[in-house]
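**Q** From the sequence below, what's the structure:
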Amino acid sequence: MIYRIDETTSTNDEARDAKYRHGDIVWAERQTAGRGQRGHTWTSPEGENLTFSMVLEPRFLPVGEQFLLSEAVTLALTDTFAAYGIHNAPFSGLQIRHGCTVCLLLCLLHHASSFRRFALLL
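**A** Model (predicted):
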């Protein structure tokens, strides 16, 4: 299910709510305290960016192997953008074109029993 909200601090903050389940997408028109790599924060005014988090509950992977899922998503994004001439260092999750951020992938892992819930920010 896709949940649209007008404004939030960060879609990842919202996606942590237990009401969201595997496969749910939390999409915000505006973010006031988005988080990036190495503690960087940013805002996203309405209509300027596509900001969402997808909740995944990868029960098919043991906890110790769930980093493989974030690697697979990052590689898929890197390959997809490269096909359109957008290149960067592998595994960074950060795609830059003409000095602008095109895509940022941030995986937040949260323990919950024998699996982890985590949200992907794209």
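**Q** CA atoms for contacts and neighbours, from now on please.
**A** Will do.
**Q** which intervals of this structure have sub-threshold pLDDT?
**A** Flagging of the chain using pLDDT under 70 yields the residue ranges 36-37, 87-122.
**Q** Look through it and tell me its longest strand.
**A** If you go by DSSP state E, the chain has its longest strand at strand 25-35.
**Q** Packing partners of it?
**A** For strand 25-35, the packing partners by 3 or more C-alpha pairs under 8 Å, 6 or more residues apart in numbering; DSSP states H and E come out as strand 2-8, helix 11-15, strand 41-44, strand 51-56.
**Q** Quick one: list the elements packing against the last one.
**A** In other words, strand 51-56. Contacting strand 51-56 under the criterion 3+ C-alpha pairs under 8 Å, 6+ apart are the following elements: helix 11-15, strand 25-35, strand 115-121.
**Q** in the longest strand of the chain, what counts as buried?
**A** Using 16 or more other C-alpha atoms under 10 Å as the burial criterion, the residues of strand 25-35 that qualify are Ile25, Val26, Trp27, Ala28, Glu29, Arg30, Gln31, Ala33, Gly34, Arg35.
**Q** same thing with stretch 65-82?
**A** Buried, per 16+ other C-alpha under 10 Å, within stretch 65-82: Gln66, Ser70, Glu71, Val73, Thr74, Leu75, Leu77, Thr78, Phe81.
**Q** three-state assignment of the fifth one?
**A** With DSSP: H, G, I helix; E, B strand; the rest coil as the basis, the three-state label of Thr74 is helix.
**Q** circling back: can you lay out the buried residues of stretch 65-82 as a markdown table showing distance to Asn12?
**A** Output for the buried residues of stretch 65-82, formatted as a markdown table (distance: C-alpha to C-alpha, whole Å):
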| residue | distance to Asn12 |
| --- | --- |
| Gln66 | 18 |
| Ser70 | 15 |
| Glu71 | 19 |
| Val73 | 17 |
| Thr74 | 18 |
| Leu75 | 21 |
| Leu77 | 19 |
| Thr78 | 22 |
| Phe81 | 23 |
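**Q** Appreciated, that's everything.
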